[in-house]
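# Dropping the sequence and predicted coords here.
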Amino acid sequence: MRATIDMESLIADNEQLRSELQELLQQAHINQSIIERHQAFDLKLIGASEFRELIDVILTVMPGVFSLETVTLSLIDGDYAIQRILRDLQIGVNEFPKLLFLKAPLHFIDEDGPLEDEKPRLGQYVPALHGALFPNYQPVSVAVLPLVRQHRLLGYLSLGSAYAERFTRSLATDFIQRLATVAAICLENVINNERLKHIGLTDPLTGVNNRRYIEQRMQEEVARSQRDRSALSCLFIDIDHFKRVNDQFGHQSGDDVLREVAARIKKELRLSDALGRFGGEEFVVLLTHATRDDAARIAERIRAGICSRGVMIEGSRDPLRISASIGAAALSPPERSRPAAEVKQAMLKAADQALYQAKEAGRNRVMLAPAE
C-alpha cells in the first residue's frame, strides 16, 4: 500500500515538473520571439538611410512591435534649421502628425526631481508634464526617452500605453535606455545625410537654394498644381546696378550685398515657398498656392524690404543704398495638357520678360506678366 502511495506521489510530482518545464519552455519561446522581434526592429532602425523612412519606422512600426497605443518623436529645432532642410527636400512635416518640433528642451520636475538630459522617465501620465509630448492622445502611463548624442540633446522619444502598470517608476530602464541610444544614433545619421543632400542644393555664398534646386522644385510644384488645380506663381528678382557695387567697392562688398538681399527676400516668404539664387545677382522665388494678385502683393513687399535701408560695406562710411527690380508670373492653375517641364520654362520666361520691363521702366519696381 505504501509503495503504491509513493508511486502515485512520484507520478504526481513528475507531472508537476513536466507542467512547470512546459511552462518554462513556452516562456522561453515567447522570450525568444520577443528578442527576435526587437532585433528585427533594431535592424529596421539601423537600415533607415533617409529621414522619411526612419520616422515611419519609429512612428508607425514601433507601436506594433512594442504593443503601445502611441509613440511620438519630438525634435528640438529652435532655429527651424531641420524644418527648413526637410521643406527644401520636399519632406512634408504634415505627413507625420506624431512628429513634433520643440523650440527648446523641456524643463519640468516630477517625483524624481528635475528632468535630466540622459535619464528616461517612466510613470503615470500627467497632463502638465507630458501634454506637449502627447498632443493628440492621453495615455495612462508613459516613458519619456531623451535622445542624446555627444552630450547634445536631439529631442525625446515618448512612448504611451493605455495600461497603468506598463511604465512604472520601479521598472528597470536598461532596455529602453538602449533603445533610446540606438534611436539617437540613427536620428543623428539621417539628419546628417539630409544635410549633405541639402548642401548639394544650396548656394554656398548666400545660403539659399541654388539654381538646380529651384528649377527641380518648380517643375515638381507645376506638376502638383496641375493635379490639384491650384495656383502657382514665381518672381524673378534682379539687384539694380549691381555691377557698380563690384566695380566701385570690390567683389567682397558685392558678396555682402548678395547675402543681405537674400536674407531680406527670405524674411518675406512662407515656409512653403522657395528661394533660389539663379545666377549672378538674380534670384527666383517660387510661391505655392499664390494667385497673380498674391504674387504682386508679395513682390511689392520684397521690393520695399530690399530698399528699406542701406547695407554697410567695407570702404564706405555711409550705408549703400540698394534696390531691386522684380518680374512676376502666375499660373491659375497650370494647363494640364502641357508637360510640367514646358510649363515651368514658360512661367520662368514670362517672369523674366516682366523683369526686363521693370528695368526698362526705371528699375526698383514690380511688373506683372500678362494673365495666362
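That came in fine, so what should we check first?
# Pull the contacting residues for the closest residue to Arg87 other than its chain neighbours.
Leaving aside its sequence neighbours, Arg87 sits nearest to Leu271 (Cβ to Cβ, 6 or more residues apart in numbering; 5.6 Å). Yep, even glycine has a C-beta here, placed from its N, CA and C like the rest. By Cβ atoms under 8 Å, 6 or more residues apart in numbering, the contact set of Leu271 is Tyr80, Gln83, Arg84, Arg87.
# Closest one to Leu258 out of the residues you listed, please.
Arg84 (19.2 Å; Cβ to Cβ).
# thinking again about what came up before, just the buried ones from the contacts of Leu271?
Arg87 (16 or more other Cβ atoms under 10 Å).
# Can you convert the contacts of Leu271 into TSV and add a column each for secondary structure and pLDDT?
Output for these, formatted as TSV (DSSP: H, G, I helix; E, B strand; the rest coil; pLDDT from 0 to 100):
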residue	secondary structure	pLDDT
Tyr80	coil	86
Gln83	helix	89
Arg84	helix	82
Arg87	helix	78
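# how about the contacts of Leu271 in JSON lines, adding distance to Lys349?
Formatted as JSON lines, the contacts of Leu271 follow (distance: Cβ to Cβ, whole Å):
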{"residue": "Tyr80", "distance to Lys349": "33"}
{"residue": "Gln83", "distance to Lys349": "32"}
{"residue": "Arg84", "distance to Lys349": "29"}
{"residue": "Arg87", "distance to Lys349": "26"}
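# closest to Lys243 among the contacts of Leu271?
Arg84 (31.3 Å).
# that older thread, so what's the residue nearest to Arg87 scoring on pLDDT?
Leu271 is assigned a pLDDT of 79 by the prediction.
# Verify the assumption that it is located in a helix.
No. Using DSSP: H, G, I helix; E, B strand; the rest coil, the secondary structure at Leu271 is coil, not a helix.
# Distance of it relative to Arg84?
7 Å (Cβ to Cβ, to the nearest Å).
# With Val144 instead?
27 Å.
# Next: Phe167.
Distance from Phe167 to Arg84, by Cβ to Cβ: 35 Å.
# the helices in the stretch 251-372 of the chain, which residues?
251-267, 292-307, 340-360 (DSSP state H, counting those that start in this stretch).
# can you state the direction angle for the second one and helix 340-360?
It stands for helix 292-307. Angle, helix 292-307 to helix 340-360, by axes from the mean of the first three to the mean of the last three Cα atoms, to 10 degrees: 50 degrees.
# quick one: average pLDDT of helix 292-307?
In the prediction, helix 292-307 has an average pLDDT of 96.
# Check which residues of that helix are buried.
Buried, per 16+ other Cβ under 10 Å, within helix 292-307: Arg292, Asp294, Ala295, Ala296, Ile298, Ala299, Ile302, Arg303, Gly305, Ile306.
# Distance from that helix to the middle of the chain?
27 Å (Cα atoms, centre = their mean, to the nearest Å).
# where does the stretch 101-250 of the chain dip in pLDDT?
108-117 (pLDDT under 70).
# what's the following helix or strand after the host helix or strand of Leu179?
Assignment of secondary structure by DSSP states H and E places Leu179 within helix 174-200. Downstream of helix 174-200, the first helix or strand assigned by DSSP H and E is helix 211-228.
# now that following helix and helix 340-360, what's the angle there?
110 degrees.
# After helix 211-228, which helix or strand is next?
Helix 211-228 is succeeded, C-terminally, by strand 232-239 (DSSP H and E).
# Report the buried residues of the helix holding Leu179.
Ile176, Leu179, Ala180, Ala183, Ala184, Cys186, Leu187, Glu188, Val190, Ile191, Glu194, His198.
# Which of the three states applies to the residue lying closest to the fourth one once chain neighbours are set aside?
Using Cβ to Cβ, 6+ apart and skipping residues adjacent in sequence, the residue nearest Ala183 is Leu157, 5.5 Å away. State at Leu157, reduced to three classes by three-state DSSP: strand.
# which residues touch Leu157?
Ile58, Val71, Thr72, Leu73, Val144, Leu145, Leu147, Leu179, Ala180, Ala183.
# if we take those residues, which one ends up nearest to Arg264?
Leu73 (34.2 Å).
# nearest residue to Leu331 other than its sequence neighbours?
In space, Leu331 is closest to Leu232, 4.9 Å off (Cβ to Cβ, 6+ apart).
# Show me what that neighbour bridges to in the sheet.
Per DSSP bridges, the residues bridged to Leu232 are Thr288, Leu331.
# what's the neighbour count on it?
Using other Cβ atoms under 10 Å, Leu232 is surrounded by 27 other residues.
# Over to Ser19?
Residues near Ser19, counting by other Cβ under 10 Å: 10.
# Then the one 3 residues further on?
Under the neighbour criterion other Cβ under 10 Å, Gln22 is assigned a count of 10.
# mind starting the numbering at 883 from now?
I'll keep to 883 as the first residue from here, and by that count the last item is Gln904.
# next structured bit after the strand or helix carrying it?
According to DSSP H and E, Gln904 maps onto helix 884-929. Reading on from helix 884-929 to the C-terminus, the next helix or strand found by DSSP H and E is helix 933-938.
# centre of the chain versus that next one, how much separation?
11 Å.
# for stretch 1078-1088, same thing?
That offset, for stretch 1078-1088, works out to 16 Å (Cα atoms, centre = their mean).
# Tell me where the stretch 933-1082 of the chain has helices.
933-938, 944-947, 963-970, 1009-1012, 1056-1082.
# To Ala922, which of those helices lies closest?
helix 944-947 (8.0 Å).
# Now the closest one - C-alpha only, PDB.
C-alpha atoms of helix 944-947 as PDB (Å, rounded to 0.1, in the frame of the first residue of the first chain):
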ATOM      1  CA  MET A 944       7.300  50.800 -33.200                       C
ATOM      2  CA  PRO A 945       3.800  50.800 -31.700                       C
ATOM      3  CA  GLY A 946       3.000  47.400 -33.100                       C
ATOM      4  CA  VAL A 947       6.400  45.900 -32.200                       C
END
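# Understood, closing this out.
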